[in-house]
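Student: structure for this input, please:
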Amino acid sequence: MTRQHDPVRGAVLPWQRVRVSGPSMVPTLRDGDVVLVRHGAAVRPGDVVLATYASMPERHVLKRVARAAGEGWWLSSDNPAAGGDSSVHGAAQVHARVVLRWRRGQLLPRPVRRAR
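Tutor: Modelled structure (predicted):
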């Protein structure tokens, strides 16, 4: 069995590229998009973030911050039909905030904006 690389622990600089997998953040993020995240960035409700849930600490997810929840953050999916957010897994630990997004075949990145 091969050991999986932990992208959060492997981040040496505050910036990290992450590939999007799955439909939970459509239309903001799509399967195959690449995002640039910033570790240590301030997080507020409406931000898209890289996080982990206590119920599955080995799996990193990209979700939208809904609100602070005790020691963590309550996260939601932009695509409610896809599920897999805090309504299922509880509060999450946020590791980084998504700053830019590249769609497949797109040369220049676009900023990922906070939801209003």
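
Student: which element, helix or strand, includes Val99?
Tutor: Using DSSP states H and E, Val99 sits in strand 92-102.

Student: the helix or strand that that strand is followed by pairs with which strands, parallel or anti?
Tutor: Counting by DSSP H and E, the element after strand 92-102 in chain order, helix or strand, is strand 110-111. Sheet pairing for strand 110-111, assigned by DSSP bridges, gives strand 92-102 (antiparallel).

Student: buried residues, the partner strand. List them.
Tutor: For strand 92-102, burial by neighbour count (16 or more other C-beta atoms under 10 Å) applies to 92, 94-102. Placement of C-beta: from N, CA and C, glycine included.

Student: how far out from the middle of the chain is the helix or strand bottoming out on mean pLDDT in the chain?
Tutor: Lowest on mean pLDDT, DSSP states H and E among the helices and strands of the chain sits strand 110-111, with a mean of 92. For strand 110-111, the separation from the chain centroid amounts to 15 Å (computed by C-alpha atoms, centre = their mean, to the nearest Å).

Student: contacting residues around the residue nearest the centre of the chain?
Tutor: Residue closest to the mean C-alpha point of the chain, counted by C-alpha atoms, centre = their mean, is Leu62 at 2.1 Å. For Leu62, the contacting residues are 18, 20, 24-25, 29, 35, 48-51, 98, by C-beta atoms under 8 Å, 6 or more residues apart in numbering.
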